[in-house]
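**Student:** okay, sequence plus prediction incoming.
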Amino acid sequence: MSTTAETAPRALSRRRMRVDGWRWTGRIFLAFMLLYTAVPMIWMLITSIKSGFAALQFPPQWWPDEPTLASYEKLLDPQNSVGQDFLRFFWNSLFVSTVTTILSVIVAVPAAYAFSRFSFPGRNFLFFAVLLRNMFPAVIFLVPLFILMRLLGLMNTHGSLILTYLTFGLPLAIWLLKGFYDNIPVQLEQAARIDGATRFQAFILIVMPLSTPGIIATAIYSFIGAWNEYIYAYTFLTKNDQLTLPVGIQRFFSENTTDFPGLMAASFMMSVPVVVLFLVLQRYFVRALTEGAVKH
Amino acid sequence: MTIVTGKAEARRRLQSGRSGVLRQIWEHRADYAYVLPAIAVMLVVIAYPIYYTIELSFFKTPPGLQLRDKTFIGVDNYTTILTSEVFWRVTWNTLIWTLGSTLIAFVLGFATALALHREFVGRGVLRAILIIPWVISAVAASYIWKWIYHSDFGIIGAVLVGLGLADRPPNFIDSVNTVLPSLIVVNIWREFPFAMIMMMAGLQTVPEQLLRAAQVDGASAWQRFWHVTFPHLRNVSTVTILLLAVANFNSFIIPWIMTGGGPSNASHIWITHIYELAFGRQRWGVASAYSVLLFLTLMTLGYFYVRALSGNERQEGSA
């Protein structure tokens, strides 16, 4: 290393080569990850535009000889029974997810604000209780909740799902929002208070508008969580006309086991709302997650 | 009043001697109002079920949930579980599933985050595509992969046969030996984006100057990573790994939809097994005892989780 001065140019070029080596490793790795991620989704799309017959061939048709939208037409046609069911599942999912989302935001906003701003006895305990809840799996709660829902007369209603999703979404929602409130300077509220606003006014007029990105992010999380939830819906709902999409699709295709184009089309359409929501609001989504966890 | 001066006030109160927790609670009574809705909902839906599960685990229960007819049997449910062969099989599966998924998803996610750290054309698009599997429903993911693994018409089998690597499409999820790794691949597909997002955010907190200084001092790319970047990311890594581990320990949908735990329990993990005991075979007492064991395991994990999180906080406070 004492000869660094003389060999500097060569060392530099060697270093550049090595850096290039890393960069190429990175590119190849990214290409591999892209394949891993995208191939299943592309195969889902290709399968969904095959006819039932074309899907069941070996070797498979890499691109269908006769692409057709028949599966989509069938699922979206309110005239036949398949379409009726699918559209109803879709509507049920939309209803449950939307109501859950609105309620989550209403309940989580004050709680997160309190966790971020006030120091009251038990505050830390409560906050960790919130985090800990995240750790317990649905199954632990299933049997007792099943009984509780029967007690409350909520079996086979969307109310059972909304109540459950609300509860299980809350810890994460509070955690995410707290991250946002932590980053809003207290001085802003102080200034408002000095100008004569009550604390509530300061909260509504100053803090709420500033935390809109956090609220949007929390709302997306709640919506996606509720939209994709399976296990409670699978347990609490038995009547066909109340099922949400994940369970509805599963019920439907456990009866039609070989209709892979239909299954792929249904999977695709089930994914569209959440993927679109995610792509449009990506900024908030990613920021919220990291705000809570990285900066804490 | 507490809004700004929370800390100062606490200090003052400490100095003025013990004024009693009750008084403090009374003084802060208004603050609780903000948290009350959240706590109330959680008490009903969380505290009650936990209590009830513990109670049921000591009872023999008739099927059909006629729970008035339950009889107290002490710890029999627990001995039944711990002496059954299936329990150990399932525990082993759970271990492989949790460790395998967590570690590989973390390494892949971290590596992707590193590769995406440098600015290049199309980075945003690539990142968005890579995150999609994490957003879509696990039910959809399960069906997509079930179709990909299909033993007659699956695309992987077709590619292997086409390349001459296999005579006929292999059985991925119908064979005892390959089912668990195959499911782990699906799980990682859904999960690595989460690790990627977390680590990308973590990478942004690594001070540029330090990296540049290390470069000037002649540190290689690997040395810079190992001695500067990685130590900075220790906390984020801990949190990410713990969150992944907990999520994996608790996963249900992928094994349940893709295999239902089969063939011959080879892909049953704790959660799917408990579900089957409860809602399939209606052995509520045994399932409850299982849940309590699960609960205890998670409490242990949770202890480390909280410690890692508060470690985070402490370090930030001193910085």
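**Tutor:** That came through, no problem.

**Student:** please count neighbours and contacts with C-alpha atoms only from this point.
**Tutor:** OK.

**Student:** and the stretch 151-300 of chain B, which of its residues are near chain A?
**Tutor:** Within the stretch 151-300 of chain B, the residues that sit near chain A (C-alpha under 8 Å from any C-alpha of the partner chain) are B:152-153, B:155, B:158, B:189, B:197-198, B:201-202, B:220-221, B:236, B:239, B:246-247, B:250-253, B:271, B:274-275, B:278, B:284, B:288, B:291-292, B:295, B:298.

**Student:** just the buried ones among those residues, please.
**Tutor:** Taking 16 or more other C-alpha atoms under 10 Å in any protein chain shown as the criterion, what is buried in those is B:152-153, B:155, B:158, B:189, B:197-198, B:201-202, B:220, B:236, B:239, B:246-247, B:250-253, B:271, B:274-275, B:278, B:284, B:288, B:291-292, B:295, B:298.

**Student:** if you look at those residues, which of them are in helices?
**Tutor:** The members of these that map onto helices under DSSP state H are B:155, B:158, B:189, B:197-198, B:201-202, B:236, B:239, B:246-247, B:253, B:271, B:274-275, B:284, B:288, B:291-292, B:295, B:298.

**Student:** please list the residues of the stretch 151-296 of chain A that sit near chain B.
**Tutor:** So the stretch 151-296 of chain A meets chain B at A:164, A:167, A:170, A:186, A:190, A:224, A:227-231, A:246, A:260, A:263-264, A:267-268, A:270-271, A:274-275, A:278-279, A:282, A:286, A:289-290, A:293-294, A:296 (C-alpha under 8 Å from any C-alpha).

**Student:** centroid-nearest residue for chain A?
**Tutor:** Centroid-nearest residue in chain A, with C-alpha atoms, centre = their mean: A:Ile224, separated by 3.5 Å.

**Student:** so who does it touch?
**Tutor:** Residues in contact with A:Ile224 (C-alpha atoms under 8 Å, 6 or more residues apart in numbering or on different chains) are A:97, A:274, B:135.

**Student:** quick one, phi/psi of residue 152?
**Tutor:** Defaulting to chain A. Note on A:Leu152: its backbone torsions stand at phi -80, psi 0 [degrees, to the nearest 10].

**Student:** that's the wrong chain, I meant chain B
**Tutor:** phi -110, psi -40.

**Student:** same question for A:Ser254.
**Tutor:** Torsion angles, degrees, to the nearest 10, at A:Ser254: phi -80, psi -10.

**Student:** likewise B:Ile96?
**Tutor:** phi -60, psi -40.

**Student:** gap between it and chain A?
**Tutor:** As for B:Ile96, its distance to chain A is 18 Å (criterion: C-alpha to the nearest C-alpha, to the nearest Å).

**Student:** and the pLDDT for residue 223?
**Tutor:** Reading this off chain A. Note for A:Phe223: predicted pLDDT of 91.

**Student:** that's the wrong chain, I meant chain B
**Tutor:** 87.

**Student:** in what helix or strand does it lie?
**Tutor:** Using DSSP states H and E, B:Gln223 falls within helix B:221-224.

**Student:** same deal with A:Met44?
**Tutor:** Assessed by DSSP H and E, A:Met44 sits inside helix A:4-48.

**Student:** of the contacts of A:Ile224, which is the most crowded?
**Tutor:** A:Ser97 (25 neighbours; other C-alpha atoms under 10 Å in any protein chain shown).

**Student:** is chain B within reach of the helix or strand containing it?
**Tutor:** Following DSSP H and E, one finds A:Ser97 within helix A:81-117. Yes. Counting by C-alpha under 8 Å from any C-alpha, chain B is contacted by helix A:81-117 at A:107-108, A:110-115, A:117.

**Student:** in that helix, what's buried?
**Tutor:** Buried-residue list, helix A:81-117, by 16+ other C-alpha under 10 Å: A:83-101, A:103-105, A:107-117.

**Student:** what of stretch A:32-46?
**Tutor:** Applying 16+ other C-alpha under 10 Å to stretch A:32-46 flags A:33, A:37-38, A:40-41, A:43-46 as buried.

**Student:** list the contacts for the residue nearest to B:Tyr143 when sequence neighbours are not counted?
**Tutor:** Nearest residue to B:Tyr143, sequence neighbours excluded (C-alpha to C-alpha, 6 or more residues apart in numbering or on different chains): B:Met258, at 7.1 Å. Shown in contact with B:Met258 (C-alpha under 8 Å, 6+ apart): B:142-143, B:146, B:173.

**Student:** okay, those residues in TSV with neighbour count, secondary structure and pLDDT next?
**Tutor:** Formatted as TSV, the contacts of B:Met258 follow (neighbours: other C-alpha atoms under 10 Å in any protein chain shown; DSSP: H, G, I helix; E, B strand; the rest coil; pLDDT from 0 to 100):
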residue	neighbour count	secondary structure	pLDDT
B:Ser142	23	helix	94
B:Tyr143	22	helix	93
B:Lys146	21	helix	92
B:Ile173	23	coil	86
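
**Student:** beyond the lowest-mean-pLDDT helix or strand in chain A, next helix or strand please.
**Tutor:** When each helix and strand of chain A is scored by mean pLDDT, DSSP states H and E, helix A:123-133 comes last, with a mean of 63. The first helix or strand that comes after helix A:123-133 along the chain, using DSSP H and E, is helix A:138-151.

**Student:** ranges for the helices of the stretch 151-296 of chain A?
**Tutor:** Here the stretch 151-296 of chain A has its helices, by DSSP state H, counting those that start in this stretch, at A:158-182, A:186-194, A:199-202, A:208-210, A:212-228, A:231-236, A:245-255, A:260-280, A:282-290.

**Student:** how about the stretch 1-150 of chain B?
**Tutor:** Using DSSP H, counting those that start in this stretch, helices in the stretch 1-150 of chain B cover B:2-15, B:21-27, B:29-42, B:48-56, B:76-82, B:85-115, B:123-135, B:138-148.

**Student:** now do the third one against helix A:81-117, angle only.
**Tutor:** Interaxial angle of helix B:29-42 relative to helix A:81-117 (axes from the mean of the first three to the mean of the last three C-alpha atoms, to 10 degrees): 150 degrees.

**Student:** check contacts around A:Glu66.
**Tutor:** Here A:Glu66 is in contact with A:50-51 (C-alpha under 8 Å, 6+ apart).
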